[in-house]
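Colleague: Got a sequence here, can you build the structure:
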Amino acid sequence: MKEDNEDNGGDKKFPIWLLGDSNPPQWEDKLDYPFDHRHPVVHNVWTSVIDVIQDRVFRFRDTEHYRIDTSRIYIRNAIQNSEDKKGIEYHIEWDNRINYEITKLSKLLITYDPKIIISFGSFSFEFIRRVVFPDIKPQPYRDWDTRKLGIEFRNSINSFDLIKKNIFPLLHRSISGGHYLKSHENFCVPEEGKIFNEEKPNYFNYVGHAIAAKVLEFRNDLDIWIK
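Modeller: Predicted structure coming up:
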C-alpha cells in the first residue's frame with residue numbers, strides 16, 4: 001500500500017472524506033490504497049452504506065436523478081501501521097508517531113476544508129476528534145463502543161452545519177463480525193425507543209438514509225454531484 005497517507009486517490013478538494021483505521025497487515029503489500037475495492041471488508045462497511053445513499057438521492061423528487069461522484073471522495077487511513085495502536089486501547093496519551101499523523105491531517109483540513117468526514121470504527125473516530133477539536137477532552141478509543149458511536153452519529157446529524165467540519169462516525173469491523181446484529185441494534189436504537197419503527201434495525205439503511213437526508217437538504221451548497 002502506498003506509504004504516504006496523503007496520496008491515496010480521490011480529490012482532497014472534495015467536500016466528503018473517508019477516514020479508515022490503519023493498513024491491514026496481511027494485505028498491505030497487495031492493496032493500493034485504503035478502501036481498495038478488492039478488500040472484502042470494504043463492501044461490508046462502506047459499499048452497503050453508499051448504495052443506500054445513492055438510491056435515496058436518485059429517487060428524491062426535487063432532483064434530476066442526482067448521484068454523488070464517489071470517484072472524487074478523498075480516502076485515507078488515520079495511521080499507516082496498526083502496530084502503533086497496540087497497548088494504547090485504554091490510554092488517553094498517544095505516542096509521537098500517532099500525534100505526528102494528527103498534526104499532518106490537521107494541516108490538510110485547514111487547507112482543504114472538507115465538510116463531511118466519515119470515520120470508521122472507534123480508533124479513527126477518536127483520532128479525528130483530536131484533529132478537529134484539539135482542545136476537546138481526549139478519551140481512550142476503546143471507550144467508543146457501538147452504542148456511543150451511534151449517539152455521536154445522531155448528534156452530528158442533528159447539529160449538521162456547513163460552516164464547520166461534520167464528523168459522521170460509522171462502524172468498522174464489528175459490523176462484519178459475529179455480533180453484527182447486536183451492533184445494528186446498539187448503534188441504531190436510542191435509549192428512548194425504536195428508530196424508523198423497525199423491530200429489527202438495519203444499520204445500513206439507518207445511516208444511509210440519515211446521511212442522504214442531510215446532503216439533500218444542503219444539495220445546492222455541496223459540490224458533490226456527478227455533472
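
Colleague: what helices or strands is the host helix or strand of S124 leaning on?
Modeller: Here S124 sits within helix 122-132, counting by DSSP states H and E. With contacts defined as 3 or more C-beta pairs under 8 Å, 6 or more residues apart in numbering; DSSP states H and E, helix 122-132 has these neighbours: strand 16-20, helix 96-112, strand 116-120, helix 146-158, strand 166-170. (Each C-beta comes from the backbone N, C-alpha and C, glycine too.)

Colleague: Could you pull up the mean pLDDT of the fourth one?
Modeller: Confidence over helix 146-158 (mean pLDDT, whole number) is 95.

Colleague: Could you do the third one as well?
Modeller: On average, the pLDDT along strand 116-120 is 97.

Colleague: Using CSV, list the CA coordinates for that strand.
Modeller: The C-alpha coordinates for strand 116-120 follow below in CSV (Å, rounded to 0.1, in the frame of the first residue of the first chain):
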residue,chain,number,x,y,z
ILE,A,116,-18.2,15.8,5.9
ILE,A,117,-15.7,13.4,7.4
ILE,A,118,-16.9,9.8,7.7
SER,A,119,-14.8,7.8,10.1
PHE,A,120,-14.9,4.0,10.5
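
Colleague: how far is it from where the chain is centred?
Modeller: 3 Å (C-alpha atoms, centre = their mean, to the nearest Å).

Colleague: what about Q139, neighbour count?
Modeller: As a burial measure, Q139 scores 16 neighbours (other C-beta atoms under 10 Å).

Colleague: Leaving out sequence neighbours, find the closest residue to it.
Modeller: Spatial nearest neighbour of Q139, chain neighbours left out: E126 (6.2 Å); criterion: C-beta to C-beta, 6 or more residues apart in numbering.

Colleague: Contacts only, for the one you found.
Modeller: The contact partners of E126, by C-beta atoms under 8 Å, 6 or more residues apart in numbering, come to 138-141, 144.

Colleague: D223 now?
Modeller: By C-beta under 8 Å, 6+ apart, D223 lies in contact with P15.

Colleague: Could you measure from it over to R129?
Modeller: Going from D223 to R129 by C-beta to C-beta, to the nearest Å gives 26 Å.
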